[in-house]
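In: Generate coordinates for the sequence data below:
(2 chains)
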Amino acid sequence: MEEILKLENIYVGNEELKILRNINFSVKRNEIVSIVGESGCGKSMTLRTIIKLLPKNLKILNGDIIFEGIRIKDLKEKEMNKIRGEKIGMIFQEPSSYLNPLFTIGNQIEEAVRGNFKREKRKEKVIKILKEMELSPNVYYQYPHQLSGGMQQRAMIAMALINNPSLLLADEPTTALDVTTAFGIINLLKNLVSEHNLSILFVTHDISLANYISDRIIVMYAGIIVENGKAKEIYENPLHPYTRKLIECLPEKYKKGERIKTIEGEVPSFKNLPPGCPFFQRCDFKMKICEERIPGEINFENRILRCFKYGNTLES
Amino acid sequence: MEILWKVENLKKEYEIGTEFKKEKIVALKNINIEIYKGEIFGLVGESGSGKTTFGKVLIRLIEPDNGKIYYKNIDITDMPEKILRKYRKNFQIIFQDPYKSLNPRIRCGYAVMEGIEGNKKEKIERAIEILNLVGIKKERFYDYPHQFSGGERQRIAIARALSTNPEFIVCDEPTSNLDVSIQGQILNLFIDLKEKFNLTYLFITHNLKIVRFLADRIAVMFKGEIVEIGKTEEIFKNPSHPYTEKLLKSGI
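Out: Numbers count the residues shown, from 1 in each chain, chains lettered A, B, ... in the order given. Below you'll find the predicted structure:
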């Protein structure tokens, strides 16, 4: 399958901080890829790098982002604006804080329509997409406060998809929602992939949700990718010690009365990263080399890993 | 088993809107529940189904409109606050957001000391002991809430709840703001404390995985009503109410 997005050796940070270090991955057409990790692992930052909406003090230091054959990294802001919304859509965790309370949903989605269309035609488009999101056409005339959280999130997805982008970036779109509504949104996203010829890059901290929705899972830790492979394979047979621990601490893996195995310690802050493998302190399999050097990427059983347990490649 | 809480026909309505246009919201509709001593009672349901209201009405942080609440066979529904005070230290509550439930200007040790009786020295000793129990080191006694991480703050909130030696704690979604790895630690802590002090929990959550792992019995709430109540495994194996079924299906 054709690769729609490709990140090559991406480094993000500034003189003092290194946030993302040597990020390499690609998203194929019609594929859902999840990025998993605890908070502070650089998941959202990766999404913001792709769409070039980084905080002012951070820059892309090195590497290339290739989206549909275009090198996004070197694009000017004006050209980038054409790609945002038109080719890449994005949805966020808290839909209510991204909708303007003073305008109707229809008005706000219409605003996102690119290209010269007559007013009726635009409205037609919006109502069509609302229907696809399983919302009633009435929502067009309603204000954000009249909708529930799930409906707001659907309106956000409608806004992101109105121009038929080929990539949707989803930053924990269901964490703020109820179980049943979240399930509806997840299934909607799954269906949209084939209908809209879409690829989704999905950020979540719930690895079982990632397993449900995605084809591939990328596990991040302290700004590096530690494991990247097929979702099912990773979920059923995690190789990297961090992925293992992430799966081990899910309550559904335990019976009543047992104790959950937890990950001791915390994600190191970006301000004082250890010189070696960032997971060193919490790892059960640590060796001497882990403390001193960062493991490089290795191919192992059909996935990409960064761990000295599986090979002795060093990060250059 | 000894019945710790018994609730009969509990009702609570809210009014929202302006002076001109008022709407009534039924938060609790005829709730009947018994909670046994020493169990973990899970309460699940969507947001807006009245879970939190129930937890608060139960320990009379909110006054009910109708119905009776019995704590150890004592009717506390209309008990004046002065007398209720005596009982209050027996039941505590832990909230969802540890950022909001701790006063940012009170050092963590002092926050825990508030509920302890005795002279200052005894208070400090006991506070250190409790903080140690929940995994906060002695050296951090004088730290302010902002110096702690989310999981640590939730630990302090738990320490505060424990400071009065309660027998019953309402846990209102205590882990939903935390990372998966920390969620596990806090859940373990809840089990450890329960075994150590023979506590009873009302565990309010919308996370079915947690409820299945933790609770002995669960009640499913839907639009202010309890639609199903029973032993956890039985409900998970064959749910009888359509809403419960829908809820179970959406657990990924």
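In: What sits closest to B:D143 if chain neighbours are left out?
Out: Nearest residue to B:D143, sequence neighbours excluded (C-beta to C-beta, 6 or more residues apart in numbering or on different chains): B:C108, at 5.5 Å. (C-beta placed from N, C-alpha, C; glycine too.)
In: and the strand or helix carrying A:A182, C-alpha only, in CSV?
Out: Using DSSP states H and E, A:A182 falls within helix A:179-195. Below are the C-alpha coordinates for helix A:179-195, written out as CSV (Å, rounded to 0.1, in the frame of the first residue of the first chain):
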residue,chain,number,x,y,z
VAL,A,179,-18.2,4.7,27.7
THR,A,180,-21.3,4.2,25.5
THR,A,181,-20.8,7.5,23.5
ALA,A,182,-17.1,6.8,23.2
PHE,A,183,-17.9,3.4,21.7
GLY,A,184,-20.2,5.1,19.1
ILE,A,185,-17.5,7.6,18.1
ILE,A,186,-14.8,4.9,17.8
ASN,A,187,-17.0,2.8,15.6
LEU,A,188,-17.9,5.8,13.5
LEU,A,189,-14.2,6.5,13.0
LYS,A,190,-13.6,2.9,12.0
ASN,A,191,-16.3,3.1,9.3
LEU,A,192,-15.1,6.5,8.0
VAL,A,193,-11.8,5.0,6.9
SER,A,194,-13.2,3.1,4.0
GLU,A,195,-16.0,5.5,3.2
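In: chain center to that helix, what's the gap?
Out: 16 Å (C-alpha atoms, centre = their mean, to the nearest Å).
In: Now do it: everything it contacts.
Out: Residues from elsewhere that reach helix A:179-195, judged by C-beta atoms under 8 Å, 6 or more residues apart in numbering or on different chains: A:30-32, A:132-134, A:148-150, A:153-154, A:157, A:161, A:168, A:170, A:173-174, A:177, A:198-200, A:202, A:209, A:212-213, B:46, B:206-208, B:246-247, B:249-252.
In: Please list only the buried members of these.
Out: Buried by 16 or more other C-beta atoms under 10 Å in any protein chain shown: A:30-32, A:132-133, A:149-150, A:153-154, A:157, A:161, A:168, A:170, A:173-174, A:177, A:198-200, A:202, A:209, A:212-213, B:46, B:206-208, B:247, B:250-252, out of those.
In: Out of those residues, which sit inside strands?
Out: Counting by DSSP state E, those place A:I32, A:L168, A:A170, A:S199, A:I200, A:F202 in strands.
In: out of those residues, who's nearest B:D179?
Out: For those, the closest approach to B:D179 (C-beta to C-beta) belongs to A:F202, at 17.7 Å.
In: Could I get the pLDDT score of B:S250?
Out: As predicted, B:S250 sits at a pLDDT of 85.
In: And A:T181, by the same measure?
Out: Looking at A:T181, its pLDDT stands at 89.
In: and if you look at A:C41?
Out: Note on A:C41: pLDDT of 90.
In: need the contact list for it.
Out: Listed by C-beta under 8 Å, 6+ apart, the contact set of A:C41 reads A:M220, A:Y221, A:A222, A:G223, A:V267.
In: Redo the residues you listed as TSV? Include neighbour count and distance to A:L75.
Out: Below are the contacts of A:C41 laid out as TSV (neighbours: other C-beta atoms under 10 Å in any protein chain shown; distance: C-beta to C-beta, whole Å):
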residue	neighbour count	distance to A:L75
A:M220	24	25
A:Y221	26	30
A:A222	24	29
A:G223	27	24
A:V267	21	32
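In: quick one: which of these is nearest chain B?
Out: A:V267 (8.7 Å; C-beta to the nearest C-beta).
In: tell me the SS of the closest one?
Out: For A:V267, the assignment made with DSSP: H, G, I helix; E, B strand; the rest coil gives coil.
In: residues in contact with the closest residue to it other than its chain neighbours?
Out: Once flanking residues are discounted, A:V267 sits nearest to A:G40: 4.7 Å by C-beta to C-beta, 6+ apart. Applying C-beta under 8 Å, 6+ apart, we find A:G40 in contact with A:A222, A:V267, A:S269, A:F270.
In: measure the first one to A:F25 for me?
Out: Note on A:A222: its distance to A:F25, by C-beta to C-beta, to the nearest Å, is 16 Å.
In: so how many other residues sit close to B:S49?
Out: B:S49 has 24 neighbours, counted by other C-beta atoms under 10 Å in any protein chain shown.
In: just checking, it touches B:I226?
Out: No - with contact defined as C-beta atoms under 8 Å, B:S49 does not reach B:I226; the gap is 9.9 Å.
In: pLDDT below threshold where in chain A?
Out: Residue ranges of chain A with pLDDT under 70: none are present.
In: For residue 152, give me its contacts.
Out: All of this refers to chain A. Applying C-beta under 8 Å, 6+ apart to A:Q152 gives the contacts A:P95, A:S96, A:L99, A:P144.
In: Oops, wrong one, chain B.
Out: Residues near B:E152 by C-beta under 8 Å, 6+ apart: B:I136.
In: Show me how far the helix or strand where it lies is from its chain's centre.
Out: Following DSSP H and E, one finds B:E152 within helix B:150-162. How far helix B:150-162 lies from its chain's middle: 13 Å, per C-alpha atoms, centre = their mean.
In: what's the burial count for residue 96?
Out: Assuming you mean chain A. For A:S96, the tally of surrounding residues (other C-beta under 10 Å) stands at 14.
In: Actually, chain B is the one I wanted.
Out: A count of nearby residues for B:Q96, using other C-beta under 10 Å, gives 20.
In: Isn't it up against B:S176?
Out: Yes - applying C-beta under 8 Å as the test, B:Q96 and B:S176 come out as touching, 5.9 Å apart.
In: Name the residues contacting each of the two.
Out: In contact with both B:Q96 and B:S176: no residue, using C-beta under 8 Å, 6+ apart.
In: Quickly note the distance from the closest residue to chain B within chain A to A:A158.
Out: Proximity of chain A to chain B (C-beta to the nearest C-beta) peaks at A:F183, 3.3 Å away. Going from A:F183 to A:A158 by C-beta to C-beta gives 19 Å.
In: cool, B:S149 as well?
Out: Note on B:S149: its distance to A:A158, by C-beta to C-beta, is 37 Å.
In: Show me which of those two is the more surrounded one.
Out: Legend: neighbour count by other C-beta under 10 Å for B:S149 and A:A158, higher for A:A158 (24 against 15).
In: Which stretches in the chain count as strands?
Out: Chain wasn't specified; assuming chain A. Here chain A has its strands, by DSSP E, at A:3-13, A:18-28, A:32-36, A:59-67, A:70-71, A:88-91, A:167-171, A:199-204, A:216-221, A:224-230, A:298-300, A:303-305.
In: switch to chain B, that's the one I care about
Out: Listed in chain order, the strands of chain B (DSSP E) span B:3-17, B:22-36, B:40-45, B:66-71, B:74-75, B:91-94, B:168-172, B:200-204, B:217-222, B:225-231.
In: out of the ones you listed, nearest to A:E236?
Out: strand B:40-45 (27.9 Å).
In: Show me what the closest one is in contact with.
Out: Outside strand B:40-45, the residues touching it (C-beta under 8 Å, 6+ apart) are B:33, B:35, B:51, B:54-55, B:194, B:200-206, B:208, B:211, B:214-222, B:232, B:247.
In: swap the cut-off to 6 Å and go again
Out: B:35, B:51, B:201-204, B:211, B:214-222 (C-beta atoms under 6 Å, 6 or more residues apart in numbering or on different chains).
In: so which of these comes closest to A:T262?
Out: Taking C-beta to C-beta as the measure, B:L214 is the one of those closest to A:T262, at 15.0 Å.
In: Okay, now stretch B:217-229: how far is its last residue from its first?
Out: Taking C-alpha to C-alpha, to the nearest Å, stretch B:217-229 runs 7 Å from one end to the other.
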